[in-house]
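A.B. asks: Give me coordinates for this.
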Amino acid sequence: MKILIVDDDLLVCQSLQILLSREEDMEVMATASNGAEAIACCQSALPDVVLMDIRMPVMDGIQATRQIKKDWPQVRVMMLTTFQDEQNIRLAILAGAEGYLIKSTEVSSMAQQLRTLFSGTSVLDADVLKSLMQPEREGFEELTPREKDILELVVQGLSNREIAEHLFLTEGTVRNTLSIILEKLQVRDRTQLAIYYWRRA
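C.D. replies: Have a look, this model is predicted:
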């Protein structure tokens, strides 16, 4: 398993590189200090898994994750951070991250979690999962009643045409309103919109 470590703290990068390299099935192929460097590393030599910090200069981990998953969807991304607040967790998942661990995680446990992620299973730290299970503080107050109607039909799986027929609108109106909803909620497509909705239900 080829691993790319991304963190603006050089000590963190060096420590993880040393510790994870002791695992027989793991090779730390490179380290990067920000999201832009991470993308450059992926362009030169594609890793299997990226261990990604969130708050970094130049480009943060969430922006980098979004770009990496767009260009190389086969790369698995594990967020590794000291931040376990709900907003960061949700933003990371919406960006495409398949895993989210806290930096205090024991290296032996981290190695096993990386293997789990590499095998195709999503990984969430227990404390992270607890944060997600807490009641959502923010709802959909920024949406108009019409936008909420369309949102609820989208998450039920209706097409733009079906929504238009149901609400007596044109398909163009539905399409334009959906674009506004995606922009307001800062999600990129219908699938991410559904995930966003159900995690707040």
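A.B. asks: so after the lowest-mean-pLDDT helix or strand in the chain, what's the next helix or strand?
C.D. replies: Taking mean pLDDT, DSSP states H and E as the measure, the chain has helix 126-133 as its least confident helix or strand, at a mean of 54. For helix 126-133, the following helix or strand on the C-terminal side (DSSP states H and E) is helix 145-155.
A.B. asks: Taking their axis directions, the helix or strand following that following helix and helix 145-155 sit at what angle?
C.D. replies: Using DSSP H and E, the helix or strand that follows helix 145-155 towards the C-terminus is helix 160-167. Interaxial angle of helix 160-167 relative to helix 145-155 (axes from the mean of the first three to the mean of the last three C-alpha atoms, to 10 degrees): 130 degrees.
A.B. asks: Can you give the contact residues for whichever helix in the chain runs longest?
C.D. replies: Longest helix of the chain, by residue count under DSSP state H: helix 171-185. Residues from elsewhere that reach helix 171-185 (C-beta atoms under 8 Å, 6 or more residues apart in numbering): 140, 142-143, 146-147, 150-151, 154, 160-161, 163-164, 167, 188-190, 193, 196. The C-beta positions use only the backbone N, C-alpha and C, and glycine is treated the same way.
A.B. asks: just the buried members of those residues?
C.D. replies: 140, 143, 147, 150-151, 154, 160, 163-164, 167, 190, 193, 196 (16 or more other C-beta atoms under 10 Å).
A.B. asks: The next helix or strand after the longest helix of the chain - contacts with which helices or strands?
C.D. replies: Remark: after helix 171-185, the chain's next helix or strand is helix 190-198, criterion DSSP H and E. Packed against helix 190-198, as judged by 3 or more C-beta pairs under 8 Å, 6 or more residues apart in numbering; DSSP states H and E, are the following elements: helix 86-95, helix 145-155, helix 171-185.
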